[in-house]
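K.L.:
A structural model of the following input is requested.
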Amino acid sequence: MITDTDPLLTSLWSEALYGETPPAVAQAATGRRYDLTLLMAPHDTWRADPVRYMPEPAERDRFFARCRAAYPEAVVLSGSWDERLDRATAALQELEDARP
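P.N.:
Now for the predicted structure:
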């Protein structure tokens, strides 16, 4: 399964946007582990759209730091879109190669 957002990330966004996390979300966020987590680093430039938040680089950097702390095992994807795709593809291949 590949998913864009899990309960832990939902709890981080809830805390960032609303100052709190509903208990059900916090409970769902505990104890979940995945074979691979990919974490996108913030881009240098920000483009407004209806679902983007935190236009200030410092805001994005603080939120990314919280995400990085919450997902210490994550493979961080940064750089150009091509570089991010290459790193994600390599991480998936590494996971596949490690399977018995």
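K.L.:
tell me the pLDDT of Pro7.
P.N.:
Pro7 carries a pLDDT score of 93 in this model.
K.L.:
for Pro23, same thing?
P.N.:
94.
K.L.:
separation between it and Ala69?
P.N.:
For Pro23, the distance to Ala69 equals 21 Å [Cβ to Cβ, to the nearest Å]. Quick note: C-beta positions are derived from backbone N, CA and C, even for glycine.
K.L.:
what residue is smack in the middle of the protein?
P.N.:
Nearest to the mean C-alpha position of the chain, by Cα atoms, centre = their mean, lies Leu39 at 3.9 Å.
K.L.:
how about that one, what does it touch?
P.N.:
Taking Cβ atoms under 8 Å, 6 or more residues apart in numbering, we find Leu39 in contact with 67-68, 71, 74-77.
K.L.:
for this structure, which segments are assigned as strands?
P.N.:
For the chain, applying DSSP state E gives strands covering 38-40, 75-77.
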